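>>> what follows is a predicted structure for the sequence shown.
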Amino acid sequence: MSKFSRLGQNLYDGSVSVDFVGRRMLWYSISAVVVAIALFGLVYKGLNLGIEFEGGVEYRVSMPSGEAGQDSVETIRDAVAESGIEPASSPIVNTSGADNIRVQTEPLTNDESTTISEIIQDAAGIDSDNISQDAIGATWGQQVADRALIGLGAFLVLVVLFIWAYFREWKMSVGALVALAHDVIITVGVYALSGFEVTPATVTGVLTILGFSLYDTVVVFDKVRENTRDLARTRKTYREAANLAINQTLVRSINTSIVALLPVAALLYVGVVTLGSGALKDLALSLFVGMAAGLYSSIFIAPPLVVQLKEREPGVKAGDARAMRHHKRRPADPFASVPAFSEDMPEYDEPREGVRVPAGSTDLIDHADHGDQGDAAEPVPAPVRTPRYTAGERPASRAVTPSASAKRAQPQRKPRSRRGRK
């Protein structure tokens with residue numbers, strides 16, 4: 001068995017335990033710092049909304065092999081910015097793979113769009129067959145944003161109803177919602193700080209990570225409910241039982257998250273390095289950040305918060321008090337009653353006839369009183385114990401006499417081939 005497997009077994013049976021609940025203030029502090037950084041980036045830097053949300057015109061330029069580099073990007077950007085058209089004064093130009101360049105501007109009229117297309121063709125040295133354009137209105141982008149918010153709100157409502165119906169506990173719904181908000185804020189903050197473009201693929205990734213985080217949280221909550229069902233029999237406090245549940249699901253949560261993060265990391269690498277931009281990159285980034293944040297919140301945020309809320313209930317307080325009284329009555333060290341060695345402890349001779357006689361014992365008999373010569377004294381002999389016999393060794397209490405049955409013929413065992421024959 002590997003060390004990691006042994007660690008998982010030790011965590012499950014409680015021989016090794018990490019105090020997740022007792023150190024909740026440390027976990028809260030770490031999350032508060034990360035969330036504060038994410039909110040700072042979101043407020044002061046803002047999100048880089050894609051063309052699908054703000055509207056505009058997107059041009060895709062197909063370059064000859066190996067020419068879609070940074071020099072071509074700067075040449076096209078300068079040419080479009082100097083076109084004299086106000087909506088195209090600050091274009092977004094970047095590479096899209098090894099042979100493509102993407103140019104985005106604010107909404108343009110048909111004449112302005114045609115002019116920008118010709119400018120890009122001249123700057124890149126291509127013909128009209130190697131450039132395509134898509135115009136997206138601001139109204140459609142607003143509809144996408146509204147529907148994304150509606151989907152997020154409906155998801156959160158369903159989460160609350162599901163957890164309340166399954167666990168019959170509103171405090172667990174609160175813990176799950178706090179964990180989900182924690183994951184969303186961190187993911188959105190990473191987008192703001194990194195400058196990645198927010199597209200409909202990003203919204204899809206955010207909704208996906210909410211489901212992943214909720215799944216992991218529900219697994220931990222289910223183990224907490226199982227461990228806290230009969231606290232009176234286990235003689236544990238609610239905190240101890242919940243902390244054991246977190247330790248029991250720790251290895252499973254880590255394994256599940258690593259298996260899920262590895263392919264997402266590969267998608268993110270391909271989207272950023274190979275393709276350069278597109279829906280794959282936006283989806284992979286939101287999934288990677290959200291899954292990592294969901295792993296943290298399902299272990300360090302949601303269960304400790306539920307324990308903190310449950311410890312305020314009168315019934316849980318009474319149960320914890322009984323468990324603490326039981327802990328005080330139980331000796332902490334099972335060997336505490338064994339006497340420690342001291343210099344004045346009596347020394348014992350070798351056992352004689354099953355009895356230990358202290359060295360230099362004063363239990364002596366004066367043989368002078370019985371008519372013996374001299375003043376010599378001898379130790380009292382140890383009492384003789386009745387010998388114990390094993391099976392077949394005990395002597396007979398009386399002599400065995402021949403009986404009448406001894407003269408009768410005794411049955412004999414026949415071989416199987418002769419059984420049933422006379």
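It's in. Numbers count the residues shown, from 1 in each chain.
>>> and residue 60, that's in a strand?
Yes - applying DSSP: H, G, I helix; E, B strand; the rest coil, one finds residue 60 inside a strand.
>>> and it, what does it touch?
Residue 60 is in contact with 96, 100-103, 131-134, counting by Cβ atoms under 8 Å, 6 or more residues apart in numbering. Any C-beta I mention is one placed from the backbone N, CA and C, and that applies to glycine too.
>>> 7 Å instead, please
For residue 60, the contacting residues are 100, 102, 131-132, by Cβ atoms under 7 Å, 6 or more residues apart in numbering.
>>> was I right to think residue 131 contacts residue 59?
Yes - Residue 131 lies in contact with residue 59 (Cβ atoms under 7 Å); the separation is 6.0 Å.
>>> right, and residue 61 touches residue 121 too?
No - using Cβ under 7 Å as the test, residue 61 is too far from residue 121 to be in contact (8.4 Å).
>>> quick check: closest non-adjacent residue to residue 34.
Closest residue to residue 34 apart from its sequence neighbours, by Cβ to Cβ, 6 or more residues apart in numbering: residue 186 at 6.0 Å.
>>> contacts for the helix or strand where that neighbour lies?
Per DSSP states H and E: residue 186 is located in helix 170-194. The contact list for helix 170-194 (Cβ under 7 Å, 6+ apart) reads 31, 34-35, 37-39, 41-42, 45-47, 156, 159-160, 163-164, 198, 202, 206, 209-210, 213-214, 217, 221, 286, 289-290, 293-294, 297-298, 301-302, 305-306, 309-310.
>>> average pLDDT for it?
Mean pLDDT, computed over helix 170-194, is 88.
>>> could you do stretch 219-235 as well?
Here the average pLDDT along stretch 219-235 is 81.
>>> for the helix ranked longest in the chain, packing partners?
In the chain, taking DSSP state H as the definition, the longest helix is helix 238-269. Packed against helix 238-269 by the contact rule (3 or more Cβ pairs under 7 Å, 6 or more residues apart in numbering; DSSP states H and E) you find helix 3-13, helix 200-227, helix 231-234, helix 279-296, helix 302-310, helix 314-329.
>>> before we move on, back to that, so what sits against both of residue 131 and residue 59?
Shared contacts of residue 131 and residue 59, counting by Cβ under 7 Å, 6+ apart, come down to 117, 120.
>>> looking at the two, which is more packed in?
Using other Cβ atoms under 10 Å, the more surrounded residue of residue 131 and residue 59 is residue 59, with 23 against 18.
>>> what's across from that one in the sheet?
Residue 59 forms beta bridges with residue 103, residue 133, as assigned by DSSP bridges.
>>> returning to that earlier point: compare residue 61 and residue 121 (neighbour count), which wins?
Neighbour count, other Cβ under 10 Å: between residue 61 and residue 121, residue 61 has more, with 26 against 19.
>>> residues in contact with the more buried one?
100-101, 103, 120, 124, 126, 130-131.
>>> which of these sits closest to residue 143?
Minimum distance to residue 143 across those is 24.3 Å, recorded for residue 103 (Cβ to Cβ).
>>> contacting residues for the closest one?
Counted by Cβ under 7 Å, 6+ apart, residue 103 has contacts 59, 61, 76, 80, 91, 93, 120.
>>> if you rank these by neighbours, which is first?
That'd be residue 61 among the contacts of residue 103, by other Cβ under 10 Å, with 26 neighbours.
>>> look up how far residue 155 lies from that one.
Distance, residue 61 to residue 155, using Cβ to Cβ, to the nearest Å: 38 Å.
>>> one more: residue 96?
With Cβ to Cβ as the criterion, residue 96 and residue 155 are 31 Å apart.
>>> give me the more crowded residue out of these two.
Neighbour totals were compared for residue 96 and residue 155, and residue 96 leads with 18 against 15 (other Cβ under 10 Å).
>>> got the confidence number for residue 359?
49.
>>> what sits against the residue most central in space within the chain?
Computing the C-alpha centroid of the chain and ranking residues by Cα atoms, centre = their mean puts residue 253 first, at 3.5 Å. By Cβ under 7 Å, 6+ apart, the contact list for residue 253 reads 216, 295, 298-299.
>>> and residue 144, how many neighbours?
16.
>>> that one in helix, strand or coil?
Residue 144 ends up helix, using three-state DSSP.
>>> how about the helix or strand where residue 37 lies: buried residues?
Assigned by DSSP H and E, residue 37 falls within helix 24-40. Under the neighbour-count criterion of 16 or more other Cβ atoms under 10 Å, helix 24-40 has 24, 27, 31, 34-35, 38 buried.
>>> would CSV of the residues you listed with distance to residue 321 and pLDDT be doable?
Converted to CSV, the buried residues of helix 24-40 look like this (distance: Cβ to Cβ, whole Å; pLDDT from 0 to 100):
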residue, distance to residue 321, pLDDT
24, 21, 88
27, 26, 90
31, 31, 92
34, 36, 93
35, 35, 92
38, 41, 91
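>>> of those, closest to residue 229?
Using Cβ to Cβ, these come closest to residue 229 at residue 24, 22.5 Å.
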